[in-house]
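Following is a predicted model, sequence given first.
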Amino acid sequence: MTARNVDLNKIRVFIDRCCKTEAECGTCNKAHCLIGFAQTALAYARQKNTTRIPRGHEFVPHDDFRVYYQQDLIEALAEVLLQCQNCRDNHEEECVINVTRRSLELALLGENFDYEGSVSAYLMQAGRHNPETGGRLLQAYQERKKT
């Protein structure tokens with residue numbers, strides 16, 4: 001699968017805004033950092049000109065308990081959702097969009113949800129899990145969708 005209408009560079013800009021930098025975190029270990037992992041996944045997809053990251057969803061670090069800036073995470077996740085192809089039945093866990101989404105949602109919401117390949121279903125699920133954050137995510141998504 002090649003990168004269809006996915007703008008990995010645009011996603012990377014939003015992901016980079018979430019990075020707390022070594023000044024705040026100390027030594028950077030991308031394999032154990034949700035944001036660093038997302039950056040690595042995007043770089044891999046860009047380098048290989050693909051949207052598929054073999055077993056990428058299995059490597060999302062679940063041991064990163066840093067507190068990130070919520071608004072940055074919301075804006076980044078909204079951009080990732082905008083890039084989603086709404087593939088529904090053709091959804092792949094190994095898609096770079098899915099792998100990146102899993103990293104961001106874990107940082108933002110503290111857990112991963114099943115993703116059915118539908119942005120609207122996902123936004124409803126996020127809103128049920130955390131009404132305040134889910135509402136802010138929906139608002140950010142709708143605002144970005146207009147631009």
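Perfect, thanks for sending it.

mind listing what the residue minimising distance to the centre of the chain touches?
Residue closest to the mean C-alpha point of the chain, counted by CA atoms, centre = their mean, is R101 at 2.6 Å. Listed by CB atoms under 8 Å, 6 or more residues apart in numbering, the contact partners of R101 are 77, 80-81, 84, 115. Backbone N, C-alpha and C define where each C-beta goes, glycine included.

Please give the element, helix or strand, for V67.
Assessed by DSSP states H and E, V67 sits outside every helix and strand.

What is the least confident helix or strand in the chain?
Using mean pLDDT, DSSP states H and E, helix 21-25 stands out as the lowest-scoring helix or strand of the chain, at a mean of 83.

And the helices in this structure?
Ranges of helices in the chain, per DSSP state H, are 8-18, 21-25, 34-48, 70-83, 96-109, 119-129, 131-146.

For D64, find the nearest of those.
helix 34-48 (4.7 Å; CB to CB).
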